[in-house]
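Asks: sequence-free structure coming up:
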């Protein structure tokens, strides 16, 4: 073997072994153009030279179709969503995010931003656009003295819970630990302690984000207050969050929680119980109700889920009505680690089913709604059907509708209807059923959670922002006048 060649090859191998993954990938040259689309859907071509220049400028990875990691990055939690971005950028820091946004803005590329990938409608991925995947941009630091959490933009809720609870501190952080902090918070942020401490967005002290002009901007009550207002409820309309500062609250790690599972035959009785019990609950009690029948003709269940974070001495009196429901088929309510409870709804395996969801806020539950739910609920051997209620109210409702961009403060619950089916099966009849069923329930709703936005028309989306729409449009016009960030509950710039 040529000695000079051997030395060069050995040195190259040693250097490559020390390089970060993104830099290692840069050793592969891009030789082909890539077809892409703009935000408005026009076809464009990304030339290999431009893609190579982008790749060389990143510390993180640039992934194209067929490369290792591309398929994992593009997929979202709803496995029925199967989209193929023209390119995926996985930033390792703020500089990479700014570079990616500049590239997308200069070409008016369709742009999707993925954190946890929980969007049922697949808003965090796209066909033939750019996906910015923040899965390599995570981290949480806790300042116990100021009771503040500093959270990187791609972090997951479980990371926040884990780090904060180590100091006996918490903030509202959803109910599923692998949800992205940014997506949850910017749209609202419900959770097991929201009735006690407000929505996740009510606990935000400051935000840093990269806006459509690639600037890093800080927003708080004192800095860019218009943007700070819009970020809290306006979703991902204004940029890509690089960091959050959250207020934290002292709380015992041990709480009272768990599930009681009853036969679905008791559903009407249990819905009526849930109505009265949840509406009269103290702020430190969170209680959900779930009615579900699985595919395959198996028996359905009705589940009561509880999380009580108040004084331990009062737990039994608060939960006494639940104890009187009788012996459940399964489950128990008792002392539990809060972080473990936060993980209890996780689905650790990849979903092997398609799903479709409709949701809306309700301002109370009455007998007519209970009857409508029961009359239209149809178990089916080919699909799973679920109706569930997420508890709100309490501290959430004691904030004015225009104090943040999130206007739905008077709701007592968020009501969901979902349908699931095995992948590979025609989804059409199952989606048609849930849409028809939801049409009977929608009259009882007052708006919907923007984090569950689907393919609704712009008028429907605009109406959901209620009296905050005009102010949101003004903020959008200032920070994203070309509507680069549009794959969300989109606020269109003011004319």
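Replies: Sure, I can see it. Given the structure is predicted, the values throughout are model-derived calculations rather than measurements. Numbers count the residues shown, from 1 in each chain.
Asks: Now do the same contact list for the closest residue to residue 263 other than its chain neighbours.
Replies: The shortest distance from residue 263 to any non-neighbouring residue, by Cβ to Cβ, 6 or more residues apart in numbering, is to residue 329 (6.2 Å). Bear in mind the C-beta positions are built from the backbone N, C-alpha and C, glycine included. Shown in contact with residue 329 (Cβ atoms under 8 Å, 6 or more residues apart in numbering): 261-263, 301.
Asks: quick one: low-confidence ranges for this structure?
Replies: Where the chain drops to pLDDT under 70, the residues are 1-27, 297, 348-352.
Asks: again, 90 this time
Replies: Residues of the chain that meet the criterion pLDDT under 90 lie in 1-28, 77-80, 118-122, 295-299, 345-355, 364-366, 379-381, 422-424, 451-457, 494-495.
Asks: Could you chop it up by domain?
Replies: Listed domain ranges for the chain are 3-136, 140-250, 254-452 (source: automatic domain parsing).
Asks: most tightly surrounded among these?
Replies: Highest mean neighbour count among these (mean count of other Cβ atoms under 10 Å): domain 140-250, with a mean of 22.
Asks: for it, how far is the first residue from the last?
Replies: 17 Å (Cα to Cα, to the nearest Å).
Asks: How far away from the center of its chain is that domain?
Replies: 12 Å (Cα atoms, centre = their mean, to the nearest Å).
Asks: just stretch 50-58 next, same as before
Replies: 30 Å.
Asks: which residues are contacting it?
Replies: Stretch 50-58 is contacted from outside by 22, 25-26, 29-30, 34, 62, 64, 87, 89, 91-92, 96, 99-100, 103, using Cβ under 8 Å, 6+ apart.
Asks: give me that answer again for 10 Å
Replies: Applying Cβ atoms under 10 Å, 6 or more residues apart in numbering, the external contacts of stretch 50-58 come out as 22-23, 25-26, 28-34, 46-47, 61-64, 86-87, 89-93, 95-97, 99-100, 102-104, 106-107, 130.
Asks: Strands of the stretch 51-200 of the chain, residue ranges please.
Replies: Here the stretch 51-200 of the chain has its strands, by DSSP state E, counting those that start in this stretch, at 61-63, 87-90, 111-114, 130-133, 140-143, 148-152, 169-170.
Asks: quick one, which of the ones you listed is nearest to residue 491?
Replies: Set against residue 491 and scored by Cβ to Cβ, the strands of the stretch 51-200 of the chain come closest in strand 111-114, at 15.2 Å.
Asks: partners of the closest one in the sheet?
Replies: Under the criterion DSSP bridges, strand 111-114 sits next to strand 130-133 (parallel) in its sheet.
Asks: Quick one: name whatever helix or strand follows the one helix or strand residue 429 maps to.
Replies: Using DSSP states H and E, residue 429 sits within helix 428-441. Downstream of helix 428-441, the next assigned helix or strand under DSSP H and E is helix 458-464.
Asks: which residues does residue 204 bridge with?
Replies: residue 246.
Asks: Touching, it and residue 184? I think so.
Replies: No - between residue 204 and residue 184 there is no contact under Cβ atoms under 10 Å: 11.4 Å.
Asks: returning to that earlier point: which two of the contacts of residue 329 have the greatest separation?
Replies: The two members of the contacts of residue 329 with the most space between them (Cβ to Cβ) are 261 and 263, at 8.5 Å.
Asks: need the contact list for the closest residue to residue 247 other than its chain neighbours.
Replies: Among residues not flanking residue 247 along the chain, residue 203 sits closest, at 4.7 Å (Cβ to Cβ, 6+ apart). By Cβ under 10 Å, 6+ apart, the contact set of residue 203 is 149, 170-173, 185, 189, 193-194, 197, 232, 244-249.
Asks: one more time with 8 Å
Replies: 171-172, 197, 246-248.
Asks: so who does the nearest residue to residue 343 once chain neighbours are set aside touch?
Replies: Nearest residue to residue 343 in three dimensions, chain neighbours excluded: residue 177, at 4.7 Å (Cβ to Cβ, 6+ apart). Residues near residue 177 by Cβ under 8 Å, 6+ apart: 156-158, 161, 342-343, 346.
Asks: for residue 355, same thing?
Replies: Taking Cβ under 8 Å, 6+ apart, we find residue 355 in contact with 78, 80, 120, 418-420.
Asks: What residues does residue 227 make contact with?
Replies: By Cβ under 8 Å, 6+ apart, the neighbours of residue 227 are 217, 219, 238, 475, 478-479.
Asks: May I ask which helix or strand encompasses it?
Replies: Short version, using DSSP H and E: residue 227 is in helix 225-231.
Asks: repeat for residue 385
Replies: strand 384-391.
Asks: May I have the strands that pair with that strand, each with its orientation?
Replies: strand 285-293 (antiparallel), strand 413-422 (antiparallel).
Asks: and these as CSV, adding distance to residue 275?
Replies: Listed next are these as CSV, based on distance: least, Cβ to Cβ, whole Å:
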stretch, distance to residue 275
strand 285-293, 9
strand 413-422, 9
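Asks: Show me where the stretch 1-150 of the chain has its helices.
Replies: Under the criterion DSSP state H, counting those that start in this stretch, helices of the stretch 1-150 of the chain are mapped to 3-18, 21-25, 48-57, 70-74, 94-107.
Asks: Stretch 357-375: end-to-end distance?
Replies: Note: stretch 357-375 ends 19 Å apart using Cα to Cα.
Asks: Can you give the distance of that stretch from its chain's centre?
Replies: Distance, centroid of stretch 357-375 to centroid of chain: 23 Å (Cα atoms, centre = their mean).
Asks: residues making contact with that stretch?
Replies: Stretch 357-375 is contacted from outside by 120, 267-268, 271-272, 274-275, 278-279, 291, 387, 389, 392, 408, 410-418, 434-435, 438, 440-442, 444-449, 452, 454, using Cβ under 8 Å, 6+ apart.
Asks: do stretch 257-265 as well
Replies: With Cβ under 8 Å, 6+ apart as the criterion, stretch 257-265 contacts 192, 270, 291-293, 299-308, 322, 325-326, 328-334, 336, 338, 341, 344.
Asks: now stretch 269-278
Replies: So stretch 269-278 is contacted by 262, 287, 289, 291, 302, 304, 321-322, 325, 365-367, 370, 373-374, 389, 391, 412-413 (Cβ under 8 Å, 6+ apart).
Asks: How much space separates residue 280 from residue 463?
Replies: Applying Cβ to Cβ, to the nearest Å, the value for residue 280 to residue 463 is 31 Å.
Asks: Residue 48 contacts residue 33, doesn't it?
Replies: Yes - taking Cβ atoms under 8 Å as the definition, residue 48 is a contact partner of residue 33 at 5.8 Å.
Asks: what about the strands in the stretch 201-350 of the chain?
Replies: Secondary structure of the stretch 201-350 of the chain (DSSP E, counting those that start in this stretch): strands located at 204-210, 216-220, 240-247, 249-250, 254-263, 285-293, 301-308, 330-337.
Asks: Save those as a markdown table, and put in distance to residue 401 too.
Replies: Shown next, in a markdown table, are these (distance: least, Cβ to Cβ, whole Å):
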| stretch | distance to residue 401 |
| --- | --- |
| strand 204-210 | 17 |
| strand 216-220 | 20 |
| strand 240-247 | 21 |
| strand 249-250 | 24 |
| strand 254-263 | 30 |
| strand 285-293 | 22 |
| strand 301-308 | 26 |
| strand 330-337 | 34 |
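Asks: Mind checking those strands for the one nearest to residue 40?
Replies: Residue 40 lies closest to strand 240-247 among these, at 20.5 Å (Cβ to Cβ).
Asks: Quick one: residues in contact with that closest one.
Replies: 94, 97, 101, 113, 132, 134, 137, 147-153, 160, 171, 181-182, 185-186, 200, 203-210, 216, 220, 231, 485.
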